[in-house]
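# below is the sequence, then the predicted model.
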Amino acid sequence: MLFTKQAYSQTPVGIVASLVNGIILVAALWAVVPTPTLLLWYASLSLVMGIRFINWMLYRQADVSVDQTRPWIYQFYGVILLSAIVWGAAGVFLFPQDQIAHQVFLVFILGGMVAGAAAILAHFPLAFTLYAPPVVLPLSVVFLSTGARIAQAMGALLLIFTIVMAVFCLRVHRMLRDTYLSRLRNRRLVKRMARARDLAEDLNERLRAEIKEREKTERELQQHRQDLEALVQARTQEVREVNQDLQRQIELYHRSEAALKESEERFRTIFETATDAIFLKNRKGRYLLVNPAMETLFQIPESEFLRLTDEELFEPTLRNQLAQGDSKVIGEGQVFQEEIVADLESRSLVLNMVKVPVRDPQGKVIGLCGIARDV
């Protein structure tokens with residue numbers, strides 16, 4: 001019952017994310033995919049999101065009891081599957097032939113939808129299982145069937161990413177389930193302790209009355225002592241149970257911390273071994289991170305990137321182009337793509353550069369991430 005409410009509470013977020021990402025995808029592919037195909041696909045997405053919205057509104061208006069949750073769960077699975085089919089169709093019908101940058105953007109969008117679903121659908125791992133394969137498998141099959149090695153690698157990486165997200169979703173679900181069970185146990189423990197406290201107060205009152213009246217016998221006093229000992233034992237056992245719960249929570253925290261470290265190591269491996277130049281900047285245009293490919297492309301060491309700005313690193317024409325792109329991404333929160341010519345001291349480069357905004361949990365743009373490729 002609780003997990004059903006949590007799943008439906010995330011529905012508006014999923015609807016808005018799907019519609020916004022759909023608009024972004026259509027805008028990005030407008031010049032490389034036939035317009036009727038784009039409009040038909042987005043109309044299908046809007047129709048499915050409308051069905052999902054109606055299902056959410058009906059659930060909010062219904063007074064759902066515990067024994068009535070199963071039909072709503074099945075309806076939830078149904079709309080999730082419909083949404084996944086529409087997004088999976090994008091990997092086939094919106095696939096831009098011979099457009100590597102647009103193909104990478106399509107992978108980015110679908111991968112982002114899967115990553116978002118891993119968090120939103122963590123309450124129902126089966127819903128994520130119904131959602132993720134239809135989204136990524138069509139595009140992975142398209143990549144693997146092209147015959148190009150880089151495309152096959154992208155298809156394989158997309159599948160691996162989906163598996164990682166599935167493991168993440170399952171771990172989050174287990175954490176949520178254990179947290180919920182721990183709360184139930186704590187509530188029961190509080191109730192038992194309250195009853196024990198009331199009982200102790202009642203016993204103390206009775207003992208004070210016996211002392212005043214001196215009408216109780218030694219046998220009754222002995223019985224009361226035994227009752228108190230039993231109460232102490234019960235409370236001691238409850239304390240042991242609380243300690244055990246705390247130990248389990250600590251163990252769960254350590255596991256989550258290990259999983260986060262493993263995820264960071266995977267990101268670092270991809271970042272360090274990527275052939276494209278990748279960099280992060282803050283709002284002031286300072287470089288926060290560059291990968292080895294970035295150092296190789298511009299023949300500038302990482303320490304110089306982190307110490308200097310574009311004005312100190314590059315000639316005026318190049319730094320003005322970079323500054324204009326940065327302004328659009330950070331100032332307007334837009335994804336920006338451009339092709340620039342970089343005249344360096346020893347050579348000239350033609351770069352295809354894509355920049356995307358980096359946001360904090362509140363959605364505020366705090367910097368940008370860029371990918372540059374020498375074309």
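Yep, it's here. Numbers count the residues shown, from 1 in each chain.

# report the buried residues of the helix or strand containing residue 44.
Applying DSSP states H and E as the criterion places residue 44 in helix 35-61. Residues of helix 35-61 classed as buried by neighbour count (16 or more other Cβ atoms under 10 Å): 38, 41-42, 44-45, 48-49, 52, 55-56, 59. For the C-beta atoms, the positions are set from N, CA and C on the backbone; glycine is no exception.

# that helix: what's the following helix or strand?
helix 69-93.

# chain center to that next one: distance?
Chain-centre distance of helix 69-93: 19 Å, with Cα atoms, centre = their mean, to the nearest Å.

# show me what that helix packs onto, helices and strands only.
helix 2-9, helix 11-28, helix 35-61, helix 100-120, helix 125-145 (3 or more Cβ pairs under 8 Å, 6 or more residues apart in numbering; DSSP states H and E).

# again, only this time at 6 Å
In this structure, helix 69-93 makes packing contacts with helix 2-9, helix 35-61, helix 125-145, judged by 3 or more Cβ pairs under 6 Å, 6 or more residues apart in numbering; DSSP states H and E.

# and it with helix 35-61, angle?
170 degrees (axes from the mean of the first three to the mean of the last three Cα atoms, to 10 degrees).

# where does this protein dip in pLDDT?
Scanning the chain for pLDDT under 70 picks out the ranges 1-4, 7, 64-68.

# which strand in it has the most residues?
Longest strand in the chain by number of residues, with DSSP state E as the criterion: strand 348-359.

# quick check: next helix or strand after that strand?
Heading C-terminal from strand 348-359 (DSSP H and E), you reach strand 365-374.

# who does that following strand pair up with?
strand 277-282 (antiparallel), strand 348-359 (antiparallel) (DSSP bridges).

# follow-up on the earlier one: distance to residue 252 added to the helices and strands packed on helix 69-93, as TSV?
Compiled in TSV, these are given as follows (distance: least, Cβ to Cβ, whole Å):
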stretch	distance to residue 252
helix 2-9	18
helix 35-61	31
helix 125-145	17
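
# and of these, who's closest to residue 190?
helix 2-9 (18.4 Å; Cβ to Cβ).

# and the residue nearest to residue 49 when sequence neighbours are not counted, how far is that from residue 241?
Spatially, and ignoring its direct neighbours in sequence, residue 49 is nearest to residue 15 (5.0 Å; Cβ to Cβ, 6 or more residues apart in numbering). Noted for residue 15: a distance of 43 Å to residue 241, by Cβ to Cβ, to the nearest Å.

# residue 146 now?
58 Å.

# the two - which one has more neighbours?
Applying other Cβ atoms under 10 Å to residue 146 and residue 241 shows that residue 146 carries more neighbours, namely 17 against 14.

# ok, back up a step: distance of the residue nearest to residue 49 from residue 48?
For residue 15, the distance to residue 48 - Cβ to Cβ - is 10 Å.

# got it, and residue 24?
Distance from residue 24 to residue 48, by Cβ to Cβ: 17 Å.

# how far does the helix holding residue 44 sit from its chain's centre?
23 Å.

# now the angle from it to helix 11-28?
170 degrees.

# isn't residue 80 right up against residue 131?
Yes: using Cβ atoms under 6 Å, residue 80 is in contact with residue 131, at 5.2 Å.

# how many neighbours does residue 99 have?
When neighbours are counted by other Cβ under 10 Å, residue 99 comes out with 15.

# over to the one 4 residues further on?
Burial of residue 103 is recorded as 22 neighbouring residues (other Cβ under 10 Å).

# from residue 97, how far out is it?
9 Å.

# one more: residue 84?
24 Å.

# of the two, who's got more company?
Using other Cβ under 10 Å as the criterion, residue 84 and residue 97 rank with residue 84 on top: 24 against 10.

# how about the more buried one, what does it touch?
By Cβ atoms under 6 Å, 6 or more residues apart in numbering, the contact list for residue 84 reads 131, 134-135.

# the same query, at a cut-off of 7 Å, please.
By Cβ atoms under 7 Å, 6 or more residues apart in numbering, the residues touching residue 84 are 130-131, 134-135.

# how about the nearest residue to it once chain neighbours are set aside, what does it touch?
Leaving aside its sequence neighbours, residue 84 sits nearest to residue 134 (Cβ to Cβ, 6+ apart; 3.9 Å). Contact analysis of residue 134 by Cβ under 7 Å, 6+ apart lists 84-85, 88.

# packing partners for the longest helix seen in the chain?
If you go by DSSP state H, the chain has its longest helix at helix 149-213. Secondary-structure packing of helix 149-213 (3 or more Cβ pairs under 7 Å, 6 or more residues apart in numbering; DSSP states H and E): helix 100-120, helix 125-145, helix 218-273.

# adding distance to residue 341, write the ones you listed out as a markdown table.
Putting the helices and strands packed on helix 149-213 into a markdown table (distance: least, Cβ to Cβ, whole Å) gives the following:
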| stretch | distance to residue 341 |
| --- | --- |
| helix 100-120 | 17 |
| helix 125-145 | 30 |
| helix 218-273 | 26 |
